[in-house]
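Novice: Let me see the structure of the following:
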Amino acid sequence: MQIRTATAEDFDRLPDVDGTIESTRYLHVERTGEGLSATWTIDERPLRKKLIDNNAPDDERQFALRQVLTGIEEGVALAAEHEGELVALAVAQLDPAVNVLRLIDLRVDYDQRREGIGSAMIFQLISAARERGLRAVAARTLTNNLPANQFLSKAGFELTGVDTHFHSNHDLVKEAVTLFWHAALD
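Specialist: Okay, here's the model as predicted:
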């Protein structure tokens, strides 16, 4: 297994990485109170229906990935290869306005998971952010992607925010609330 700097050519190989998400559980978000007195509780619960999502990057994510991989936007891009095949990609974009490195995408091929590839890549991103003097690495997940949330928590990220209207006005009902994570570096 080799982790190296990703290139623009890796973008074309991205469909070769099976980023399928499978989960039978999610993080349930419940709001109590109103206005500035609102509080949130989050607990793990079973999904109504098993989630199997191919996790293909949407147009916005593809655009951001291409921008970093081609060097138009500043960031960090890593690729992992095994026997000449692309098996993982991690791409993060510099957000100088808030001095953080924002994780755009981290995907490890379904057949290569639980081998430490994702952990090695996230720690390399954190190291790169530290070297640049940034204050944090930031990530965004959905509550129905329990494996991603567990991964970030295990990697030392702290849950820092909840947005129940990020994708629609019904994210709570859809069990797909957006969570914001940060790994503080200072």
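Novice: give me every residue that touches the residue nearest to H82 when sequence neighbours are not counted.
Specialist: The spatial neighbour of H82 that comes closest, neighbours along the chain excluded (CB to CB, 6 or more residues apart in numbering), is M1 at 5.2 Å. C-betas here are computed from N, CA, C, even on glycine. M1 makes contact with 80-82, 87, 115, 117 under the criterion CB atoms under 8 Å, 6 or more residues apart in numbering.
Novice: Could you do A184 as well?
Specialist: A184 neighbours (CB under 8 Å, 6+ apart): 135-136, 158.
Novice: And the strands in this protein?
Specialist: Remark: strands assigned in the chain by DSSP state E are 2-5, 21-32, 39-53, 75-82, 85-95, 100-108, 136-142, 158-163, 178-184.
Novice: Tabulate those strands (JSON lines), appending distance to A64 and mean pLDDT.
Specialist: Formatted as JSON lines, these follow (distance: least, CB to CB, whole Å; pLDDT from 0 to 100):
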{"stretch": "strand 2-5", "distance to A64": "17", "mean pLDDT": "92"}
{"stretch": "strand 21-32", "distance to A64": "19", "mean pLDDT": "91"}
{"stretch": "strand 39-53", "distance to A64": "19", "mean pLDDT": "90"}
{"stretch": "strand 75-82", "distance to A64": "9", "mean pLDDT": "94"}
{"stretch": "strand 85-95", "distance to A64": "6", "mean pLDDT": "94"}
{"stretch": "strand 100-108", "distance to A64": "5", "mean pLDDT": "95"}
{"stretch": "strand 136-142", "distance to A64": "12", "mean pLDDT": "95"}
{"stretch": "strand 158-163", "distance to A64": "18", "mean pLDDT": "93"}
{"stretch": "strand 178-184", "distance to A64": "16", "mean pLDDT": "96"}
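Novice: Those into JSON lines, with extra columns for distance to F63?
Specialist: Output for the strands of the chain, formatted as JSON lines (distance: least, CB to CB, whole Å):
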{"stretch": "strand 2-5", "distance to F63": "20"}
{"stretch": "strand 21-32", "distance to F63": "21"}
{"stretch": "strand 39-53", "distance to F63": "20"}
{"stretch": "strand 75-82", "distance to F63": "13"}
{"stretch": "strand 85-95", "distance to F63": "11"}
{"stretch": "strand 100-108", "distance to F63": "10"}
{"stretch": "strand 136-142", "distance to F63": "16"}
{"stretch": "strand 158-163", "distance to F63": "21"}
{"stretch": "strand 178-184", "distance to F63": "19"}
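Novice: nearest to R13, of those strands?
Specialist: R13 lies closest to strand 85-95 among those, at 4.5 Å (CB to CB).
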